[in-house]
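[1] Got a sequence here, can you model it:
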Amino acid sequence: MNKITMLGTGNATVSHIYNTCFMLSTSTTQLLVDAGGGNGILAQLRKANISIDSIHHLFVTHAHTDHILGVIWIVRMVAQCKGYQGRLHVYGNDKVMSVVRTIIDMVLAKKQLDKVDERVVFHQLTDGEEFDVGDMRLTCFDIHSNKEKQFGFRALLPHSVSLACLGDEPYNPINRPYVEHVDWMMCEAFCLYAQRDTFKPYEKCHSTALDAGKLAAQLDIKNLILYHTEEKTIDTRKQTYTQEAAQFFKGRIVVPDDLEEIEINVGGTVSEPYHASSY
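    Down below sits the predicted model:
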């Protein structure tokens, strides 16, 4: 089964939910995409019952704090995990590679750095590069950000299911060949268009739920996942974001909570989030 586990769904400044990152899984492969802004990633993985020794692939979209600082903790835990077998493959653009390597060289102890050299492989990606991650075939693409060099990707999963992750900024039409007609599109939606005067998404180079719905309709997408949101409307986010995007997009819309699982197949399902209180 192909699925996404949303480890976090929030933007950079959230404190009641976690920063946007997720695990993309097939029956044989797990790909962690980003890791949030700190060691909170360890708590999210624990709540999702994902062990460090099961993580062997990590795609880092860009070097903003809310996406890359958790990567340092993943690398550290892999380095010191006694039961870790195999290697961790970290994928990202040249800026990501530079930032990750600089931070770990500055903050990790020598014995941890020695283990990093043994256990971690860093793959510097270029725009349009194709590569295999287990039974997934990924093509990365530069989103042409004006703020920070950032890569999204298109993934071909088992059973010929396609998924595009657009990163956390508005879509650039130059990337249409990577995104058009996919089965699933993951798109940031900073807030509702109806609340744009409150949250100022366009000033921050972000989109709204309405924008995401328009885009999904234009690109002939079958299923739309909205993420990287504000957190002040968490209690109503599922309903209101879905309703706004549905004004233009008539396919399936998923507005997940942290720790929610989404089955990434045609006609897939969404499970209830795993709450820490049930631990």
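
[2] all helices for the chain, in order.
    All helices of the chain, identified by DSSP state H, fall at 40-47, 65-80, 94-107, 110-119, 176-179, 196-199, 209-218, 234-245.

[3] tell me what the first one is packed against?
    This points to helix 40-47. strand 3-8, helix 65-80 (3 or more CB pairs under 8 Å, 6 or more residues apart in numbering; DSSP states H and E). Backbone N, C-alpha and C define where each C-beta goes, glycine included.

[4] Buried residues of that helix, list them for me.
    40-42, 44-45, 47 (16 or more other CB atoms under 10 Å).

[5] got those as JSON lines, with pLDDT columns?
    Shown next, in JSON lines, are the buried residues of helix 40-47 (pLDDT from 0 to 100):
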{"residue": "Gly40", "pLDDT": "98"}
{"residue": "Ile41", "pLDDT": "98"}
{"residue": "Leu42", "pLDDT": "98"}
{"residue": "Gln44", "pLDDT": "98"}
{"residue": "Leu45", "pLDDT": "98"}
{"residue": "Lys47", "pLDDT": "98"}
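
[6] ok so, going back, same list, the helices of the chain, but as a markdown table with distance to Asp258 please.
    Shown next, in a markdown table, are the helices of the chain (distance: least, CB to CB, whole Å):
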| stretch | distance to Asp258 |
| --- | --- |
| helix 40-47 | 7 |
| helix 65-80 | 14 |
| helix 94-107 | 24 |
| helix 110-119 | 28 |
| helix 176-179 | 25 |
| helix 196-199 | 19 |
| helix 209-218 | 18 |
| helix 234-245 | 9 |
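
[7] Which one, of those helices, ends up nearest to Thr126?
    helix 94-107 (8.4 Å; CB to CB).

[8] do you know which of the helices and strands packed on helix 40-47 lies nearest Glu263?
    strand 3-8 (5.2 Å).

[9] contact partners of that closest one?
    17-25, 36, 40-41, 44-45, 48, 50, 186, 225, 227, 256-264, 268 (CB atoms under 8 Å, 6 or more residues apart in numbering).

[10] still on that earlier bit, wait, which of the buried residues of helix 40-47 is closest to Gly251?
    Nearest to Gly251 among these is Gln44, at 28.2 Å by CB to CB.

[11] Ignoring the adjacent residues along the chain, who's closest to the closest one?
    Excluding the flanking residues, the one nearest Gln44 by CB to CB, 6 or more residues apart in numbering is Leu7, at 4.2 Å.

[12] The one you found and Leu157, how far apart?
    In this view, Leu7 and Leu157 are 19 Å apart by CB to CB, to the nearest Å.
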